[in-house]
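Visitor: Curious how this folds, go ahead:
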Amino acid sequence: MSEQSQKFLDRALDAIEAAEGLINMGKMEIAAGRAYYAMFYIAEALLAEKGLGFSTHGQVIGAYGLHFAKTKALDPKYHRWLVDAFDIRVTGDYDMDASISSQIVANLINQAREFLEAAREYLDKQQT
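Guide: Reported below is the predicted structural model:
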C-alpha cells in the first residue's frame, strides 16, 4: 500500500473516532459529518492506489462507483453508503433546522468501520 493511501486510511480512523466522541457529546450533525468524511477518505485511499486523485467530493464518489462498485471489486453497498452519508452530511452542515438522530449517526459510524475493514482487506490482498 502506498504511503498516501495509508495516510488516508489513518485519517479515516481518526474521523471515525472523532464521530464516536461527538455522538457521545450529543453533537449528531457534526458526528454525521465526521462519519461521512471517514468514508470519503477510504474512497480516496482506494482511488489513490489506482493512481487517481480528484478535487471534488462528487468526483471522488463517482470515480469510486466506477472503479470499485460497478466492477464489484468491493461490495457495491459501500458506494451506496458513501452516497447516503454525503447526503446526510450536507443536511447536517447546511440545514440549520436539521435533526439527525443518534441511531442514524451510530449506523453511519458502523458503516464507516465496516468500509474501512473491507478497504484494508482489499488493499492487503493487492499486495500479495
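Visitor: Please make it C-alpha for all contacts and neighbour counts, starting now.
Guide: OK.
Visitor: Could I get the full set of helices for this protein?
Guide: Assignment of helices within the chain using DSSP state H yields the ranges 3-24, 28-48, 57-64, 77-94, 102-127.
Visitor: so where's the protein shaky on pLDDT?
Guide: 128 (pLDDT under 70).
Visitor: Deepest-packed of the helices of the chain, please.
Guide: For the helices of the chain, the largest average neighbour count (mean count of other CA atoms under 10 Å) is found in helix 28-48, namely a mean of 26.
Visitor: Give me the helices and strands touching that helix, please.
Guide: helix 3-24, helix 57-64, helix 77-94, helix 102-127 (3 or more CA pairs under 8 Å, 6 or more residues apart in numbering; DSSP states H and E).
Visitor: Please produce CSV containing the ones you listed, extended by distance to Thr71.
Guide: Shown next, in CSV, are these (distance: least, CA to CA, whole Å):
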stretch, distance to Thr71
helix 3-24, 20
helix 57-64, 10
helix 77-94, 12
helix 102-127, 14
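Visitor: quick one: which of those helices is nearest Ala45?
Guide: Closest to Ala45 of the helices and strands packed on helix 28-48 is helix 3-24 (CA to CA; 4.2 Å).
Visitor: Run through who's touching stretch 58-67.
Guide: Residues outside stretch 58-67 that contact it (CA atoms under 8 Å, 6 or more residues apart in numbering): Phe40, Ala43, Glu44, Leu46, Leu47, Gly53, Phe54, Ala73, Pro76, His79, Leu82, Val83.
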